[in-house]
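In: model this:
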Amino acid sequence: MISGIDFGAKEAGTTVIAYADEDNKVSFCASRKGQNADLFILDKIGEYNNTWLVFIDAPLSLPRVYQGGATTQDYFYREADRITGAMSPMFLGGLTARAMKIATELRRQGITVVETYPSKLAEVLSLKSMGYKGRKENLILVCNKLKEISELDFDNAEVKNWHYFDALLSLYSAKRYEIQASMEFGNVIEGTITV
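Out: Numbers count the residues shown, from 1 in each chain. Predicted coordinates:
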């Protein structure tokens, strides 16, 4: 089983996980307001002990200057952030640290964890011109487009907001990775973003 996670603030109730089974049937689960999103992720991924791949919308590394041996002195952005237009892992601070900790826990369980950026995939798939992250009414348009170009089987009614759609895009990035059709941005030593 593969999954995509839209990772939100710890207790905001905005973390959503999208799963796909071997038939590409998608299921969703979301954290509740006041619930610890980190424990929610670890519990839910743990429930599906056949999960082997997780794509998460959160930085999983820091700029190379913090790792030593950097040739640049960029204390804010990684090469991958600059190429994709992602936010600085340093600006995201605690969210970055939480994501790195979760990735470490999941990797200890033998699960492959990969950083993704749904906004970049939306750009690659030309979803931004269809109103991606705009009005809620645009969800139906981008859901229908994603169904056309992917093999994912999901009910549009279950995609309740943009957090759900970003989890779905994270899942589709995982699917692209699984079939060796993904794109990787950045420096492998520093950390990459895969869509």
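
In: Not counting sequence-adjacent ones, nearest residue to residue 58?
Out: Spatial nearest neighbour of residue 58, chain neighbours left out: residue 99 (3.5 Å); criterion: Cβ to Cβ, 6 or more residues apart in numbering. In this view, the C-beta of every residue, glycine as well, is placed from N, C-alpha and C.

In: I meant to write residue 141 there.
Out: Counting by Cβ to Cβ, 6+ apart, residue 141 lies nearest to residue 130, which is 4.9 Å off, once chain neighbours are set aside.

In: Pull the contacting residues for the one you found.
Out: Remark: with contacts taken as Cβ atoms under 8 Å, 6 or more residues apart in numbering, residue 130 is in contact with 138, 141-142, 145.

In: Narrow those to those that are buried.
Out: Among the contacts of residue 130, those buried by neighbour count (16 or more other Cβ atoms under 10 Å) are 138, 142.

In: returning to that earlier point: please tell me how far the residue nearest to residue 141 sits from residue 123.
Out: Taking Cβ to Cβ, to the nearest Å as the measure, residue 130 falls 12 Å from residue 123.

In: from the chain's centre, how far out does the helix or strand containing residue 165 sit?
Out: Counting by DSSP states H and E, the element that carries residue 165 is helix 162-178. With Cα atoms, centre = their mean, to the nearest Å as the basis, the distance from the averaged C-alpha position of helix 162-178 to the chain average is 6 Å.

In: What separation do you get for the nearest residue to residue 161 once chain neighbours are set aside and residue 160?
Out: Excluding its sequence neighbours, the residue lying closest to residue 161 (Cβ to Cβ, 6+ apart) is residue 136, at 6.9 Å. When distance is defined by Cβ to Cβ, residue 136 is 9 Å away from residue 160.
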